[in-house]
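**Student:** pasting the sequence and the predicted model now:
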Amino acid sequence: MFLGEYRHTVDIKGRVFIPARFRAVENQRFFVNLGLDGGLSVFTEDGWTVYQERINELDMMKKDARAFKRLSFANAAEGICDKQGRINLPDHLIRKAKIEKEVMIVGVSDHFEIWDIERWDLYQREVSERYEELAENLAQ
């Protein structure tokens, strides 16, 4: 399970340190793709399998389902943690997530996300104000 927030930087080669508690073993494979709301979503191999299965269950007769599937997999990349605990983020994903240098790595239970620090701060401010309202709306 992925929990918490961790501030890190992306180096000139697009590598970012993954917190030790997010790495189960050395040489762990991760799958990175565009997340929703502005960050990148990062899955373990098992998590990626579940994600793929959910997308493959979408009705491909619907245009939105086809578009979402295309974008999800076209923008996905596989990475392996190096000995220093870093993964390499592809340039196209760094650009699409508008990552500059500093990032926040955010645990989201079954996966974690990598956000540009300023985008994360803005998102969190906007959503935090509605925390109780969100809980109430989801309880219905």
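**Tutor:** Happy to help now that I have it. Since we're looking at a predicted model, the values are computed, not measured.

**Student:** then stretch 94-111 to PDB, C-alphas only?
**Tutor:** Output of stretch 94-111 as PDB, limited to C-alpha atoms (Å, rounded to 0.1, in the frame of the first residue of the first chain):
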ATOM      1  CA  ILE A  94       7.700  15.000 -17.900                       C
ATOM      2  CA  ARG A  95       6.500  17.500 -20.500                       C
ATOM      3  CA  LYS A  96       2.800  16.400 -20.300                       C
ATOM      4  CA  ALA A  97       2.800  16.500 -16.500                       C
ATOM      5  CA  LYS A  98       4.600  19.900 -16.600                       C
ATOM      6  CA  ILE A  99       7.300  18.700 -14.300                       C
ATOM      7  CA  GLU A 100      10.100  21.200 -13.800                       C
ATOM      8  CA  LYS A 101      12.500  20.000 -11.100                       C
ATOM      9  CA  GLU A 102      10.900  19.600  -7.800                       C
ATOM     10  CA  VAL A 103       8.200  16.900  -7.400                       C
ATOM     11  CA  MET A 104       5.900  15.500  -4.800                       C
ATOM     12  CA  ILE A 105       5.500  11.700  -4.700                       C
ATOM     13  CA  VAL A 106       2.100  11.000  -3.400                       C
ATOM     14  CA  GLY A 107       0.800   7.600  -2.100                       C
ATOM     15  CA  VAL A 108      -2.700   6.700  -3.400                       C
ATOM     16  CA  SER A 109      -3.200   3.300  -1.900                       C
ATOM     17  CA  ASP A 110      -2.900   1.000  -4.900                       C
ATOM     18  CA  HIS A 111      -0.400   3.200  -6.800                       C
END
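
**Student:** give the buried residues for that stretch.
**Tutor:** 94, 97, 99, 103, 104, 105, 106, 107, 111 (16 or more other Cβ atoms under 10 Å). Every residue, glycine included, has its C-beta placed from N, CA and C.

**Student:** for stretch 47-58, same thing?
**Tutor:** 47, 48, 51, 52.

**Student:** what does stretch 10-21 give?
**Tutor:** Under the neighbour-count criterion of 16+ other Cβ under 10 Å, stretch 10-21 has 10, 14, 15, 16, 17, 18 buried.
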